[in-house]
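Colleague: fold the following.
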Amino acid sequence: MPIAVQFDQPVGGRIPRALVYGGTVNVTSPSPTSVAFAMFARELIGDAFGGRNPELARFDLLPADHAAILRSLTPRFIQHPESRRFVQSLVTERGGDPETTYVSVPRLRACTGDEHLVAGLDAWRPRRDTWCAAPLAQLNHWMPVYEIADGDGIALHLEYFSQAVANDSAGYDHAVGTSAPLPGPTETVNPFSASTFVTPVGGMLQFSGQHLYCSVPNDSDRTRFSIDFATVDVGDIRAGLGARNVDCRCTGSSIRDFVRAADFAPMPEDVVAMLDDRPETVHLPPAQPVLTETFTKA
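Modeller: Got it, this is the predicted structure:
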């Protein structure tokens, strides 16, 4: 089935969300809020690198020092009240209802092509967020912080949206925490099925958590910085709406990782019970390196 890619079309409301549950990808132009969010991220990044050019700082620093800066930068971005305020504003700006829209924490990602930073890591392996216990109604939102090129964005394997892919998600239990390796395909995914999406700074890509996607291997000299977050609408979950599960066999749900956009209240227990009826578990910090891009964990 062909997958539609929409440009600057409405992304809020049940009908636009239903299209995304069916595979539609939305690309939206930069807005005052999204650009301001990117500029705010640049300020934090610039401070962390002490005046160095953040995109080229890896040439001025030892690998361990560069990685240490990134490790400290990521939680600072997540925990900063401005980060969540920007997500609140984006939900409203993009037509979402802040009372029914629940959001994950926003993440700042850094990705470089340096072999010393990705050696031994399967950083570019395609995956679905639903393999990692994401709700079928999860929508992903991604945007670059600095300008990116054709070989430096996010790739979606569009033809696999409704096609089952052999994978090892059966071994993933969200209640155990995120210290285990993330699930991935156990069959070869056609690399020529990948469509790379390149947006300007503040331009946003929205797609279903059911899409098979990967980070494009960064073959440039510059470190890529991006922002991502996920949303779900509790009205859709209660109505049984979401993408069709074609191959996910994981245990548990990440539904408790979302908070209400209006006031950051926790997920209602009736919604939690629909997706995960087990007791709440304290999740461990993600084991995946800061240099990979995934949208699943809050």
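Colleague: what's the neighbour count on Glu99?
Modeller: Glu99 has 13 neighbouring residues, counting by other C-beta atoms under 10 Å. Every residue, glycine included, has its C-beta placed from N, CA and C.
Colleague: what secondary structure does it sit in?
Modeller: Recorded secondary structure, Glu99: coil (DSSP: H, G, I helix; E, B strand; the rest coil).
Colleague: which stretches of the chain have low pLDDT?
Modeller: 113-124, 151, 177-180, 277-298 (pLDDT under 70).
Colleague: which residue ranges of it form strands?
Modeller: 5-7, 25-28, 101-103, 107-111, 139-144, 154-157, 194-197, 204-208, 213-215, 224-233, 259-260 (DSSP state E).
Colleague: adjacent strands (with direction) for the third one?
Modeller: This means strand 101-103. strand 224-233 (antiparallel), strand 259-260 (antiparallel) (DSSP bridges).
Colleague: please apply the same query to the second one.
Modeller: If you go by DSSP bridges, strand 25-28 pairs up with strand 5-7 (parallel), strand 204-208 (antiparallel).
Colleague: what's the most buried one of these?
Modeller: strand 204-208 (a mean of 24; mean count of other C-beta atoms under 10 Å).
Colleague: in PDB, list the C-alpha atoms belonging to that one.
Modeller: Extracted in PDB, the C-alpha atoms of strand 204-208 (Å, rounded to 0.1, in the frame of the first residue of the first chain):
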ATOM      1  CA  MET A 204       9.500  18.800  11.900                       C
ATOM      2  CA  LEU A 205       9.000  15.200  10.800                       C
ATOM      3  CA  GLN A 206       6.000  13.400  12.400                       C
ATOM      4  CA  PHE A 207       5.400   9.600  11.900                       C
ATOM      5  CA  SER A 208       3.900   6.600  13.600                       C
END
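Colleague: going forward, count from 351.
Modeller: Got it, first residue is 351 now, which makes that one strand 554-558.
Colleague: ok and it relative to strand 489-494, angle-wise?
Modeller: 150 degrees (axes from the mean of the first three to the mean of the last three C-alpha atoms, to 10 degrees).
Colleague: would you mind confirming that Pro360 makes contact with Pro366?
Modeller: Yes. Pro360 is in contact with Pro366 according to C-beta atoms under 8 Å; the separation is 5.1 Å.
Colleague: which of the two has more residues huddled nearby?
Modeller: Pro366 (20 against 13).
Colleague: and the more buried one, what does it touch?
Modeller: Contacts of Pro366 were listed using C-beta atoms under 8 Å, 6 or more residues apart in numbering, and they are 359-360, 376, 445.
Colleague: which one of the residues you listed has the most neighbours?
Modeller: Neighbour max across the contacts of Pro366 (other C-beta under 10 Å) = Asn376, 22 neighbours.
Colleague: I'd like the distance between that residue and Arg599.
Modeller: 28 Å (C-beta to C-beta, to the nearest Å).
Colleague: so which of the strands paired with strand 451-453 comes closest to Asn517?
Modeller: Of all the strands paired with strand 451-453, strand 574-583 sits nearest to Asn517, with 19.8 Å by C-beta to C-beta.
Colleague: and Phe579, how many neighbours?
Modeller: 23.
Colleague: my read is that it contacts Thr451, right?
Modeller: No. With contact defined as C-beta under 8 Å, Phe579 does not count as touching Thr451 (11.1 Å).
Colleague: ok, back up a step: so which of the strands of the chain gets nearest Gly396?
Modeller: strand 574-583 (10.8 Å).
Colleague: do a quick rundown of the helices in the protein.
Modeller: For the chain, applying DSSP state H gives helices covering 364-371, 382-398, 413-429, 431-443, 465-468, 584-588, 619-625.
Colleague: in JSON lines: the ones you listed, plus distance to Val539.
Modeller: Conversion of the helices of the chain to JSON lines gives the following (distance: least, C-beta to C-beta, whole Å):
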{"stretch": "helix 364-371", "distance to Val539": "22"}
{"stretch": "helix 382-398", "distance to Val539": "30"}
{"stretch": "helix 413-429", "distance to Val539": "28"}
{"stretch": "helix 431-443", "distance to Val539": "31"}
{"stretch": "helix 465-468", "distance to Val539": "19"}
{"stretch": "helix 584-588", "distance to Val539": "29"}
{"stretch": "helix 619-625", "distance to Val539": "27"}
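Colleague: Ala499 is nearest to which of these?
Modeller: Nearest of the helices of the chain to Ala499, taken as C-beta to C-beta: helix 382-398 at 16.6 Å.
Colleague: the closest one: which residues count as buried?
Modeller: 383-384, 386-388, 390-391, 394-395, 398 (16 or more other C-beta atoms under 10 Å).
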